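below are the sequence and a predicted model for it; my questions follow.
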Amino acid sequence: MALNKFEWRGIDGSGFQYGFYHEGDQLYRIDIALPGKGLGDPHKGQGYKLYVDGNEIGTKGTLKEAVAFLEKYFDRGLHRPRERASLADKLASIAGLKPKGRGR
C-alpha cells in the first residue's frame with residue numbers, strides 16, 4: 001500500500017486552494033491559485049496556477065485539469081531534486097553515446 005497521498009486543507013484569504021502531498025516522511029506544500037477567489041481578485045483571468053513548495057510548476061484552464069496535472073507531476077517524481085549532469089554527460093548525450101560509468 002502506497003503512503004503517498006494528497007491532503008487538501010481549504011482556501012486561504014489570498015485565493016489559493018492549499019494542501020500537502022505526503023510521500024513517506026516527506027511533506028510538500030501544494031497551492032492552486034483560484035481565479036477570482038482572493039481579496040481583490042488577484043488571479044482573475046490567469047487560469048489555475050499551480051505551485052509546489054512555492055515554485056510555480058504550471059497553469060491549467062480548469063480545477064479538474066489542475067488536480068490531474070498535480071497527480072501526474074507527483075507520480076512521475078518531478079517534485080524530487082535531480083542530480084546535476086556533468087558537462088561530459090551532456091556532450092555524450094548530444095553525441096548519442098553512453099556516459100562512462102553510468103551503466104546505461
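Thanks, I have it. Numbering: from 1, shown residues only.

remind me which residues of this protein are low pLDDT?
For the chain, applying pLDDT under 70 flags the ranges 1-4, 37-45, 81-104.

could I get the full set of helices for it?
For the chain, helices defined by DSSP state H occupy the ranges 63-75, 87-95.

identify the residues contacting the first one?
Under the criterion CB atoms under 8 Å, 6 or more residues apart in numbering, residues 4, 6, 17, 21, 23, 28, 30, 32, 34, 48, 50, 52, 57-58, 60, 79 lie in contact with helix 63-75. From N, CA and C alone the C-beta is placed, and that goes for glycine too.

the protein: strands as residue ranges?
Under the criterion DSSP state E, the chain contains strands at 5-11, 16-23, 26-33, 48-52, 55-60.

hey, which of those strands is tucked in deepest?
Highest mean neighbour count of those: strand 48-52, a mean of 19 (counted as mean count of other CB atoms under 10 Å).

what lines up beside that strand in the sheet?
Take DSSP bridges as the rule and strand 48-52 pairs in its sheet with strand 26-33 (antiparallel), strand 55-60 (antiparallel).

got the contact list for it?
Contacts of strand 48-52 with the rest of the structure, by CB under 8 Å, 6+ apart, involve 16, 21, 28-35, 43, 56-63, 65-66, 69-70, 73, 79.

circling back to that earlier point, turn the strands paired with strand 48-52 into TSV, including distance to residue 12.
Shown next, in TSV, are the strands paired with strand 48-52 (distance: least, CB to CB, whole Å):
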stretch	distance to residue 12
strand 26-33	8
strand 55-60	17
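
how near is residue 27 to residue 60?
Plainly put, residue 27 is 23 Å away from residue 60 if you go by CB to CB, to the nearest Å.

correction: the previous question concerned residue 53.
Distance from residue 53 to residue 60, by CB to CB: 18 Å.
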